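> heads up, no residue letters with this:
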């Protein structure tokens, strides 16, 4: 009796053929940056679950949880605060507090609230590979070691106290939380949840008593002393993944079979920047030298408060993606070379640029537009190799 032959599909990230049931929905543009709200162009089921999970943790995660992107997210969150309605906003990550006498094997991370509140998060030290991610090991924080978080309020204003408490609860939902400042909230609608928003802790808890002694020194000092490890090419793997996903959407399987597609895959799975610098990949990250290749007028046009713009632009015989952060920082990556080898694709479609606006605010939208003829369309022809970082 012949065994049933299961249908297979080739993963665009690892380029291995696997049974179809091993594939899952992949957000080419990360869910955390509005990818779930983008159209189908930025979603695919051509990625296996293993690659999907690995990219979520170590590719998208390394980008989103980097200090640079965390600051972008926090800065933009405050722009949409409604002064009549306290709501949770992302916190600013300030790094690890050095010199605090925490227990052996523990560290204390410093965060800042919307009105300058001091927030301390004590948890076990993670493996070195997690050092550059705000909050450390994401899985460990959610399950085995959520840690202990402490909030000190900086304002007696009811709006800011509630906004800080809601933000604190959102960021450290799994942690054992304690508010070190006494607060009075008169708004009756918050009365039932005040113990949840402003947990005062347990004075009889020996662990909490030790933490309070540890934090006493930090709280007596008005200056900020923190260590923020940064990986120079924290966005390199992310850009390679983005180019692979968009390239497959536009050119199909031929993109993955091309020589440049193979280079992008190597860049995606290279764990160290020095390996990526040896590849024939063209682009520039947040710390690269390509920030001035876009005319100021166009750069302002592409910078939207609270949103990321992803522009796909034709540069002669190359197609590139240009990403602009809400704060106006630019990233670029060449998606494909030798466009003439793809005769079924009309390069004129991208000659004046096509752009998606992605944001994750309340009632968001993702739109696709082409720039009007009166807008400058020259993104610049100079594209830097990843080795130029």
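Cool, got the structure. Everything quoted here is computed from the prediction, not taken from an experiment. Residues are numbered from 1 along each chain as shown.

> okay, residue 306: pLDDT?
At residue 306, the model reports a pLDDT of 85.

> after the helix or strand hosting residue 274 comes which helix or strand?
Under the criterion of DSSP states H and E, residue 274 resides in helix 273-276. Using DSSP H and E, the helix or strand that follows helix 273-276 in sequence is strand 283-284.

> so what strands line up beside that following strand?
Within its sheet, and counting by DSSP bridges, strand 283-284 is paired with strand 330-337 (antiparallel).

> any idea of the mean pLDDT in the partner strand?
Rounded mean pLDDT across strand 330-337 is 94.

> and stretch 163-177, by the same measure?
95.

> what's the answer for stretch 96-113, then?
Computed over stretch 96-113, the mean pLDDT rounds to 93.

> start and end of it, how far apart?
16 Å (CA to CA, to the nearest Å).

> okay, buried residues for it please.
Going by neighbour count (16 or more other CB atoms under 10 Å), the buried part of stretch 96-113 is 96, 97, 100, 102, 106, 107, 108, 109, 110, 111, 112, 113. Placement of C-beta: from N, CA and C, glycine included.

> among the residues you listed, which pair sits farthest apart?
106 and 113 (22.3 Å; CB to CB).

> hmm, residue 48 is touching residue 23, no?
Yes. Using CB atoms under 8 Å, residue 48 is in contact with residue 23, at 5.5 Å.

> give me the common contacts of the two.
Shared contacts of residue 48 and residue 23, defined by CB atoms under 8 Å, 6 or more residues apart in numbering, comprise residue 11.

> tell me which of the two has more neighbours.
More neighbours surround residue 48 than the other of residue 48 and residue 23, with 24 against 21 (other CB atoms under 10 Å).

> with adjacent residues omitted, what lies nearest to the more buried one?
Closest residue to residue 48 apart from its sequence neighbours, by CB to CB, 6 or more residues apart in numbering: residue 11 at 4.2 Å.

> what residues sit buried inside the helix or strand harbouring residue 75?
Assigned by DSSP H and E, residue 75 belongs to helix 67-78. By 16+ other CB under 10 Å, the buried positions in helix 67-78 come out as 67, 68, 69, 70, 71, 72, 73, 74, 75, 76, 77.

> ditto for stretch 229-241
Applying 16+ other CB under 10 Å to stretch 229-241 flags 231, 233, 234, 235, 236, 237, 238, 239, 240, 241 as buried.

> cool, stretch 84-94 as well?
So for stretch 84-94, counting by 16+ other CB under 10 Å, buried means 86, 88, 89, 90, 91, 92, 93, 94.

> the stretch 1-150 of the chain: helices as residue ranges?
49-55, 61-64, 67-78, 138-142 (DSSP state H, counting those that start in this stretch).

> check the offset of the helix or strand where residue 196 lies from the chain's centre.
Residue 196 belongs to helix 194-197 when assigned by DSSP H and E. For helix 194-197, the separation from the chain centroid amounts to 29 Å (computed by CA atoms, centre = their mean, to the nearest Å).

> tell me what that helix is packed against?
helix 158-171 (3 or more CB pairs under 8 Å, 6 or more residues apart in numbering; DSSP states H and E).

> same for the helix it packs on, what does it pack against?
Going by 3+ CB pairs under 8 Å, 6+ apart, helix 158-171 lies up against strand 148-152, strand 176-179, helix 194-197.

> ok so, going back, dump the buried residues of stretch 229-241 to CSV, plus secondary structure and pLDDT.
CSV is the format used below for the buried residues of stretch 229-241 (DSSP: H, G, I helix; E, B strand; the rest coil; pLDDT from 0 to 100):
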residue, secondary structure, pLDDT
231, coil, 87
233, coil, 89
234, coil, 93
235, coil, 95
236, helix, 95
237, helix, 96
238, helix, 97
239, helix, 97
240, helix, 97
241, helix, 98
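
> low-scoring stretches of the stretch 101-250 of the chain, by residue?
223-224 (pLDDT under 70).

> wait, I meant the stretch 251-389 of the chain
Answering for the stretch 251-389 of the chain: the residues below the bar, that is pLDDT under 70, span 289-296, 360-389.
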